[in-house]
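1. Only the shape, not the letters, is given here:
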């Protein structure tokens, strides 16, 4: 069977779903399928994961489409550039028609879904990683009454309704697709994302992050690593740090970058948060050491956003085996699955987050991360689920 995999990004650069796309493609190849990868090309010489080498020009064909990145703030230019990319991808699939299509989450999915259904007449699995425009709505960027929201919602609903099959990465996101887009529940399969299982953390003595940022004697380190944007609610961590200024052995490491970075640094400076250390983005290959260097990893989101996205860091934090605190809406499906494993959810409440950090410091609540990882966030069974969905489409 020939499967076209249409990527939102490129293996030229590391991006959040790099390992997800790599592992799904490898899963298809190992099951004997031919794969035609269509991806953006940023560099003069395209780059591919080392694991692809034995398949290239054989089972695995790659078609690269030259793509120029647009400024993050220029949403219109980014949208039109992406639409042009997917139009070119569809033209390539018309010339070399696949048996099945796997389409990675994107904001212009309606076009590829329309083309697959009406022009190619080919089954298509749409994998939703981040629900737009719901993410912008929950983050307070768009209102439900705005024309942009209404148009984007209608186009996304078309994609969901007309795709042959749908997968998404959490039960809360499935709930959004079912309730806010009127899609039958049995059409949507939940497959949680896995982490970088190929990367192993070093011992504390050899930990790359700890070598860069050594721990003081008796220090208890709280780590947030990821995007510093409007949707992550990193402000909550700083507000908690302000409450814990007198806990001199507790430090807060904010690792990453994004549009809110300067605003967060200004807040920390104004509040004289000497217990907060900002660290820039770290190399992707060091992610295991980064999360393992924490005494507790914190995963926050803006209110409501858990219904539109699940932070990609979740599985990597589980792999690290350190205590985890989530700060998402109470009563969600995610909260229900993590609670039996000792992971505390505080919601967007800095006082509850402070208490949870102090409890973790005193070892009052230990996380059983391995069991949660194996049940929901494991590479092999979840890759197999993606492959089986593709194989079963008609």
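-> Looks like it arrived, so ask away. Computed from a predicted model, the values in this text were never measured in an experiment.
2. C-alpha from now on. contacts and neighbour counts both.
-> Fine.
3. Now residue 128: phi and psi?
-> phi -90, psi 120 (degrees, to the nearest 10).
4. For beta bridges, what are the partners of it?
-> residue 168 (DSSP bridges).
5. can you pull the contacts of the residue most central in space within the chain?
-> When CA atoms, centre = their mean is applied to the chain, the residue found nearest the centroid is residue 312 (3.2 Å). Residues near residue 312 by CA atoms under 8 Å, 6 or more residues apart in numbering: 16, 193, 195.
6. secondary structure class for residue 46?
-> Assigned with DSSP: H, G, I helix; E, B strand; the rest coil, residue 46 falls in the coil class.
7. Once you drop chain neighbours, what's closest to it?
-> Once flanking residues are discounted, residue 46 sits nearest to residue 12: 5.8 Å by CA to CA, 6 or more residues apart in numbering.
8. pretty sure the one you found is touching residue 48, no?
-> Yes - using CA atoms under 8 Å, residue 12 makes contact with residue 48 at a distance of 6.8 Å.
9. thinking residue 135 is in contact with residue 303, fair?
-> No - between residue 135 and residue 303 there is no contact under CA under 8 Å: 10.5 Å.
10. Can you work out which residues contact both of residue 12 and residue 48?
-> By CA under 8 Å, 6+ apart, residue 12 and residue 48 have no common neighbours.
11. ok, longest helix in the protein?
-> helix 75-95 (DSSP state H).
12. Run through the neighbouring helices and strands of the helix or strand just after that one.
-> Next helix or strand after helix 75-95 toward the C-terminus (DSSP states H and E): strand 100-104. Based on contacts counted as 3 or more CA pairs under 8 Å, 6 or more residues apart in numbering; DSSP states H and E, the elements that strand 100-104 packs against are strand 2-6, strand 124-128, helix 379-392.
13. Using JSON lines, lay out those together with mean neighbour count.
-> Formatted as JSON lines, these follow (neighbours: other CA atoms under 10 Å):
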{"stretch": "strand 2-6", "mean neighbour count": "23"}
{"stretch": "strand 124-128", "mean neighbour count": "25"}
{"stretch": "helix 379-392", "mean neighbour count": "17"}
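14. Kindly reformat the ones you listed as a markdown table containing mean pLDDT.
-> Output for the helices and strands packed on strand 100-104, formatted as a markdown table (pLDDT from 0 to 100):
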| stretch | mean pLDDT |
| --- | --- |
| strand 2-6 | 98 |
| strand 124-128 | 98 |
| helix 379-392 | 98 |
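15. Including distance to residue 91, could the ones you listed go into CSV?
-> Converted to CSV, the helices and strands packed on strand 100-104 look like this (distance: least, CA to CA, whole Å):
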stretch, distance to residue 91
strand 2-6, 12
strand 124-128, 16
helix 379-392, 21
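16. Of those, which is nearest residue 71?
-> strand 2-6 (22.6 Å; CA to CA).
17. Would you give the sheet partners of the closest one, along with the direction of each?
-> strand 34-41 (parallel), strand 100-104 (parallel).
18. between residue 12 and residue 48, which one's more packed in?
-> The residue with more neighbours, out of residue 12 and residue 48, is residue 12; 18 against 15, by other CA atoms under 10 Å.
19. residues contacting that one?
-> Contacts of residue 12 (CA under 8 Å, 6+ apart): 41, 42, 43, 46, 47, 48.
20. Could you chop the chain up by domain?
-> 2-194+378-392, 208-376 (automatic domain parsing).
21. now do the same end-to-end measure for the longest one.
-> Between the opening and closing residues of domain 2-194+378-392 lies a distance of 14 Å (CA to CA, to the nearest Å).
22. chain center to it: distance?
-> Put simply, domain 2-194+378-392 sits 13 Å off its chain's centre (CA atoms, centre = their mean, to the nearest Å).
23. which residues in the stretch 151-300 of the chain form strands?
-> 165-168, 188-190, 220-225, 250-255, 276-279, 296-300 (DSSP state E, counting those that start in this stretch).
24. Tell me which of those sits nearest to residue 374.
-> That would be strand 188-190 among the strands of the stretch 151-300 of the chain, by CA to CA, at 15.4 Å.
25. Against which helices or strands is the closest one packed?
-> Partner elements for strand 188-190 (3+ CA pairs under 8 Å, 6+ apart): strand 165-168, helix 171-181.
26. Could you report the separation of residue 143 from residue 202?
-> Applying CA to CA, the value for residue 143 to residue 202 is 46 Å.
27. In contact with the residue nearest to residue 190 when sequence neighbours are not counted, which residues?
-> Once flanking residues are discounted, residue 190 sits nearest to residue 168: 5.1 Å by CA to CA, 6+ apart. Residue 168 makes contact with 127, 128, 129, 174, 188, 189, 190, 191, 192 under the criterion CA under 8 Å, 6+ apart.
28. Switch those residues over to a markdown table; also include distance to residue 355.
-> What follows is the contacts of residue 168, written out as a markdown table (distance: CA to CA, whole Å):
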| residue | distance to residue 355 |
| --- | --- |
| 127 | 37 |
| 128 | 35 |
| 129 | 32 |
| 174 | 31 |
| 188 | 37 |
| 189 | 36 |
| 190 | 32 |
| 191 | 32 |
| 192 | 29 |
